[in-house]
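**Student:** 3D model of this:
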Amino acid sequence: MTLIEMMMAIAIFSIGVEGFTLLFTRAWKNNAFVIESGEASMTASRGVQKTVDVVRRARQADNGSYSIVSADDNDFVFYSDIDKDGATERVHYYREANTLKVGVTDPAGIPPAYPDGDQNIQIIANYVANDASHPIFSYYDENYPADEINNPMETPASVSDVRMAKIHLMINIDPDNAPDYINIQSFVALRNLNEYDRAH
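**Tutor:** Predicted coordinates:
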């Protein structure tokens, strides 16, 4: 083999190695993206399921306050026995940057009272990418679905009229490079408020 042939062989081999490395790197990045997206989606889905269960069981506070404190696009405060211990906690779901969080405050004292602020805070979902036209929380009154003109309700919603909520998360781990969103949504009826309506 001449020197020129050897140099050409080395050049071809180098190009092949570089191409293989590039292909492997891209495949690895794509695979990592798929795995991370799947994990984020699964975490968000579990979070929505847990949220639905807690919202469904919204009830009067231990100090007699109404079940719902406030109901806005990305901020929902109400009372529920979130940990099923018999006591009614104040539950605060809210968005902070690209994260959905829940703050829980236990009643204290006799008669029971709820301290200001959130005592315990947990992350429900990361990579939340909802925009202004796609709120995390939407609210519906007793006339839905017959009345779709006034539903979903304008926010902040009149808490005494809320009978159902929709929870909608748009998840995107890389919104700059991946325009497709993972949409997770669920409707939930506030059981105790609907039972109150039927009783009256």
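**Student:** show me the strands in the chain, by range?
**Tutor:** Remark: strands assigned in the chain by DSSP state E are 68-72, 75-80, 89-96, 99-105, 120-125, 137-140, 164-171, 182-189.
**Student:** and the ones you listed as JSON lines, adding mean pLDDT and distance to Val48?
**Tutor:** Every C-beta, even on glycine, is put in place using the N, C-alpha and C of the backbone. Below are those laid out as JSON lines (pLDDT from 0 to 100; distance: least, C-beta to C-beta, whole Å):
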{"stretch": "strand 68-72", "mean pLDDT": "98", "distance to Val48": "17"}
{"stretch": "strand 75-80", "mean pLDDT": "98", "distance to Val48": "13"}
{"stretch": "strand 89-96", "mean pLDDT": "97", "distance to Val48": "11"}
{"stretch": "strand 99-105", "mean pLDDT": "96", "distance to Val48": "9"}
{"stretch": "strand 120-125", "mean pLDDT": "94", "distance to Val48": "8"}
{"stretch": "strand 137-140", "mean pLDDT": "98", "distance to Val48": "11"}
{"stretch": "strand 164-171", "mean pLDDT": "95", "distance to Val48": "5"}
{"stretch": "strand 182-189", "mean pLDDT": "92", "distance to Val48": "5"}
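**Student:** Asp73 and Asn192, how far apart?
**Tutor:** Distance of Asp73 to Asn192, given as C-beta to C-beta, to the nearest Å: 23 Å.
**Student:** if you could redo that for Thr105, that was the one I meant.
**Tutor:** Relative to Asn192, and taking C-beta to C-beta, Thr105 is found at 19 Å.
**Student:** can you check Arg95 too?
**Tutor:** Separation of Arg95 from Asn192 (C-beta to C-beta): 25 Å.
**Student:** residue ranges with poor pLDDT in the chain?
**Tutor:** Counting by pLDDT under 70, the ranges of the chain that qualify are 1-41, 177-179, 194-200.
**Student:** recalculate using a threshold of 80.
**Tutor:** Scanning the chain for pLDDT under 80 picks out 1-44, 174-180, 194-200.
**Student:** which residues in it form helices?
**Tutor:** 3-56, 191-199 (DSSP state H).
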